[in-house]
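Q: Structure of the sequence below:
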Amino acid sequence: MEEMLAIFIASTLRLAMPLMLAASGELVSERAGVLNLSLEGMMLTAAFFGALGSWASGDPYLGVACAILASVIVSAVQADAGSVWTYSPGLADFAVDAMRQRKIVGNGPDATLGNFDTTRITRMIEILGPVFPSQNKPIKDGLTPEQLVTNEFVDPSIGLPVS
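A: Numbers count the residues shown, from 1 in each chain. Presented below is the predicted three-dimensional model:
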């Protein structure tokens, strides 16, 4: 039993070491003001391309070079992403207006965002009522919106401005 516990602890440390090293590196870079939330993704990308490069060439050193190149490319793409995909307050206002005009998002029957309009849910039940049995997935007879949705946890103080 003690030997199994020792093996378990040793394998845990061995398998967790790459993540611990990445986390300690992120801790240092975060203290410097740089936040990188994709360390595991870069590690997986580098591992994949390192294994692929080693397999394709038969040379482990070329595999290491492929891994380094892949992680540098991912880092370069992420570094440039901040200049390409910025989300300004003006863009946020445009997105909200566009979604409201297309009725993708909006207040419910009152001035609250996210609450359910039971008449719309009733209409969906009417539309989908015949569809589900035709796919051998019958729905309960007499199904009501109250059995499907609730507004109990919606904060009524949150809503889109009425235009």
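Q: For this protein, which segments are assigned as helices?
A: Secondary structure of the chain (DSSP state H): helices at 2-31, 39-57, 60-84, 89-101, 118-128, 131-134.
Q: which of these is buried the deepest?
A: Mean neighbour counts were taken over those using mean count of other CB atoms under 10 Å, and the top value, a mean of 16, falls to helix 39-57. Placement of C-beta: from N, CA and C, glycine included.
Q: now that one against helix 2-31, angle please.
A: Between the axis of helix 39-57 and that of helix 2-31 there is an angle of 110 degrees, by axes from the mean of the first three to the mean of the last three CA atoms, to 10 degrees.
Q: what packs against helix 39-57?
A: Packing partners of helix 39-57 (3 or more CB pairs under 8 Å, 6 or more residues apart in numbering; DSSP states H and E): helix 2-31, helix 60-84.
Q: Could you list the residues in contact with that helix?
A: 18-19, 22-23, 25-26, 60, 62-71, 74-75 (CB atoms under 8 Å, 6 or more residues apart in numbering).
Q: before we move on, back to that, which of the helices of the chain sits closest to Pro161?
A: Nearest to Pro161 among these is helix 89-101; the distance by CB to CB comes to 9.2 Å.
Q: With just CA atoms, put the closest one into PDB.
A: In PDB, the C-alpha atoms belonging to helix 89-101 read as follows (Å, rounded to 0.1, in the frame of the first residue of the first chain):
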ATOM      1  CA  PRO A  89     -17.300  51.300 -26.200                       C
ATOM      2  CA  GLY A  90     -18.500  52.600 -29.600                       C
ATOM      3  CA  LEU A  91     -18.400  49.100 -31.100                       C
ATOM      4  CA  ALA A  92     -20.300  47.800 -28.000                       C
ATOM      5  CA  ASP A  93     -23.000  50.400 -28.600                       C
ATOM      6  CA  PHE A  94     -23.200  49.500 -32.300                       C
ATOM      7  CA  ALA A  95     -23.500  45.800 -31.400                       C
ATOM      8  CA  VAL A  96     -26.300  46.400 -28.900                       C
ATOM      9  CA  ASP A  97     -28.200  48.600 -31.400                       C
ATOM     10  CA  ALA A  98     -27.800  46.100 -34.200                       C
ATOM     11  CA  MET A  99     -29.000  43.200 -32.000                       C
ATOM     12  CA  ARG A 100     -32.000  45.200 -30.800                       C
ATOM     13  CA  GLN A 101     -33.000  46.200 -34.300                       C
END
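Q: Not counting its neighbours along the chain, what's nearest Gly50?
A: Beyond its immediate neighbours in the sequence, the residue positioned closest to Gly50 (CB to CB, 6 or more residues apart in numbering) is Ala67, lying 3.1 Å away.
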